[in-house]
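**Student:** okay, predicted coordinates and the sequence, questions at the end:
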Amino acid sequence: MTPSSEQLELFLERVRELDRDLAKLKGSEVRRPETIASIKSLCRDWLRLSEALRGVESIAPENLGALDKQLRDVLEGTNVRTRSSAYRTRLGPVLSSFMDKVVVPTIRYEGNPIQVAARQLLAEFAGKVTSDEQSYLEEAARCLASRCNRASIILLWAAAMSRLHSSIEKIGFNAFNEAVENTAQKKGNPYNRISKAQISSLPELQRSRDFDLLVVGMDLWKYDLQVFEELDRLLGLRNSAAHPGMLKPNALDVQQYATKLGNYVFDAVQA
Amino acid sequence: MGLELEKLEGLFDFNVDPFSLHAVTVPGKNIADRTRNVALLAAGRTYLATGAWNADWQEIKSLCVDHNCYDMANHSMNLKKGAGTWFKSVDAGKPVELSSGGVKEAEKLLKALTDGVTQ
């Protein structure tokens, strides 16, 4: 997981604190085991943070490499007798460059509108999804952050279908089959387009068409034809996103797609 | 919001996806003032994108860095000074939701900036 700018700011504060403590020793050898332990822990924490920061495109890898070298030298100093002034000399370049070369690029990365859009997409569903659904949504948010907007739409739809499937499991397959029969008795479009097959297990439900679930949903979850039509449009968009074509949804399209699913699926159908 | 699209185009870059804020001079007597105005601008961008008047915490931080008003030690405190007046509440790391007073202030700021930008 990518470290946050807050974690990096805390790390910088620890480096500053260590430097202040070392300054108090006025150049003498560092002997206190607690100080040596905190130097070791600081350097090891950095090496872990540095590894996790490799995916942040706004941080130049050579800047991370330079800091790695500097703090490795500090860490090696703990294996031999080292003066506080020697530690401070090695920490100097870290203190002077950490804010500009690591913290600021991370802040810019986090504040990029595409990252903001990904966080807003997740916030749309806060408190109304299960952990299974959350995993689809997090993947959708990662796709959006990577500008894979079509993939994001597909995963948002997967989260919505997961909610419909789990709701049907909860209501029971008998109730679902009854709803299929009720729906099939109605005349005209869209009722005459559904498959009348009965189901008795989750795998059978997973094989059924999403369109059928949306139509039967009018009976099961009591939404009206207008909501069905909106859900059908969302399914159409999902299908377009999943097949070759000229569709080019932008970030706002994905966010609006998420908002509509939130309103018409996650608010309307209990988990 | 009562602003013409042409004027908003002077403030936001709609050619990038998602759209972003152009470089502007954020008004304010000091860093704290400018930080709160940046939060209003970020909320304005969110409003145009989603219809909700709130500002993403990390976006505020990033815009503050860009507009030279990020004070690491006092950033949260600077925003908290606006809690209860412009902002409903301010919790570090969470989106900052604007109060009705904040919305009016944000609209005023956007109008002032778009007038300045397009003149």
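**Tutor:** Okay, I see it.
**Student:** residue A:248 belongs to a helix, doesn't it?
**Tutor:** No. Under DSSP: H, G, I helix; E, B strand; the rest coil, residue A:248 falls outside any helix and is assigned coil.
**Student:** in contact with it: list those residues for me.
**Tutor:** Contact analysis of residue A:248 by C-beta atoms under 8 Å, 6 or more residues apart in numbering or on different chains lists residue A:149. (Each C-beta comes from the backbone N, C-alpha and C, glycine too.)
**Student:** one more time with 7 Å
**Tutor:** Taking C-beta atoms under 7 Å, 6 or more residues apart in numbering or on different chains as the definition of contact, residue A:248 has no neighbours.
**Student:** which residues of the chain score low on pLDDT?
**Tutor:** Defaulting to chain A. By pLDDT under 70, chain A has no low-scoring segment.
**Student:** chain B is the one I meant
**Tutor:** Ranges of chain B meeting pLDDT under 70: B:1-2, B:117-119.
**Student:** interface residues of it facing chain A?
**Tutor:** Proximity of chain B to chain A is confined to B:17-18, B:20, B:49-50, B:56, B:58-59, B:61-63, B:65, B:72, B:93 under the rule C-beta under 7 Å from any C-beta of the partner chain.
**Student:** let's see it at 8 Å
**Tutor:** By C-beta under 8 Å from any C-beta of the partner chain, the residues of chain B that approach chain A are B:16-20, B:45-46, B:49-50, B:56, B:58-63, B:65-66, B:70, B:72, B:92-93, B:95.
**Student:** please flag which of these sit within helices.
**Tutor:** Judged by DSSP state H, the residues of chain B next to chain A include B:45, B:46, B:49, B:50, B:58, B:59, B:60, B:61, B:62, B:63, B:65, B:66 as members of helices.
**Student:** which of the residues you listed sits closest to residue A:225?
**Tutor:** Minimum distance to residue A:225 across those is 27.4 Å, recorded for residue B:50 (C-beta to C-beta).
**Student:** how about the contacts made by residue B:82?
**Tutor:** Taking C-beta under 8 Å, 6+ apart, one finds B:36, B:39, B:90, B:102 in contact with residue B:82.
**Student:** in which helix or strand does the second one reside?
**Tutor:** Residue B:39 belongs to helix B:31-50 when elements are defined using DSSP states H and E.
**Student:** ok, the last one next?
**Tutor:** Secondary structure assigned from DSSP H and E places residue B:102 in helix B:100-118.
**Student:** which residues touch the residue in chain B that chain A sits nearest to?
**Tutor:** Nearest residue of chain B to chain A (C-beta to the nearest C-beta) works out as residue B:62 at 2.1 Å. Residue B:62 is in contact with A:107, A:108, A:110, A:111, A:112, counting by C-beta under 8 Å, 6+ apart.
**Student:** which ones among the residues you listed also lie next to chain B?
**Tutor:** Within the contacts of residue B:62, those near chain B by C-beta under 8 Å from any C-beta are A:107, A:108, A:110, A:111, A:112.
**Student:** now, these that are in helices?
**Tutor:** A:107, A:108, A:110, A:111.
**Student:** what does chain A put close to chain B?
**Tutor:** A:5-6, A:9, A:99, A:103-104, A:107-108, A:110-117, A:119-120, A:123, A:147, A:250-252, A:255, A:259.
**Student:** only whichever of those residues are buried, select them in PyMOL.
**Tutor:** Applying 16 or more other C-beta atoms under 10 Å in any protein chain shown to the residues of chain A next to chain B, the buried members can be selected in PyMOL as follows:
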select buried, chain A and resi 5+6+9+103+104+107+108+110+111+112+113+114+115+116+117+119+120+123+251+252+255+259
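**Student:** just to revisit the earlier point, if we only consider the ones next to chain B among the contacts of residue B:62, which is nearest to chain B?
**Tutor:** Closest to chain B, out of all of the ones next to chain B among the contacts of residue B:62 and judged by C-beta to the nearest C-beta, is residue A:111, at 2.1 Å.
**Student:** hang on, the earlier thing: how about CSV for the contacts of residue B:62, with distance to residue A:78 added?
**Tutor:** Listed next are these as CSV, based on distance: C-beta to C-beta, whole Å:
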residue, distance to residue A:78
A:107, 31
A:108, 34
A:110, 33
A:111, 36
A:112, 38
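**Student:** of those residues, closest to residue A:208?
**Tutor:** residue A:112 (40.3 Å).
**Student:** distance check, the nearest residue to residue B:23 once chain neighbours are set aside against residue B:59.
**Tutor:** Spatial nearest neighbour of residue B:23, excluding adjacent residues (C-beta to C-beta, 6 or more residues apart in numbering or on different chains): residue B:66 at 7.6 Å. Residue B:66 sits 10 Å away from residue B:59, going by C-beta to C-beta, to the nearest Å.
**Student:** check contacts around the residue positioned nearest the centre of chain B.
**Tutor:** In chain B, the residue lying closest to the centroid (C-alpha atoms, centre = their mean) is residue B:41, at 1.9 Å. Residue B:41 makes contact with B:21, B:24, B:26, B:63, B:106, B:109, B:110, B:113 under the criterion C-beta under 8 Å, 6+ apart.
**Student:** ok, the first one - contacts?
**Tutor:** Just to be clear, that refers to residue B:21. Contacts for residue B:21 (C-beta under 8 Å, 6+ apart) come out as B:11, B:12, B:13, B:41, B:42, B:45, B:63.
**Student:** list the helices and strands the helix or strand containing residue A:6 packs on?
**Tutor:** Using DSSP H and E, residue A:6 sits in helix A:5-24. The elements that helix A:5-24 packs onto, with contact taken as 3 or more C-beta pairs under 8 Å, 6 or more residues apart in numbering or on different chains; DSSP states H and E, are helix A:33-52, helix A:84-98, helix A:104-111.
**Student:** run the chain-centre distance for the longest one.
**Tutor:** Right, the one you point to is helix A:33-52. Relative to its parent chain, helix A:33-52 has a centroid offset of 28 Å by C-alpha atoms, centre = their mean, to the nearest Å.
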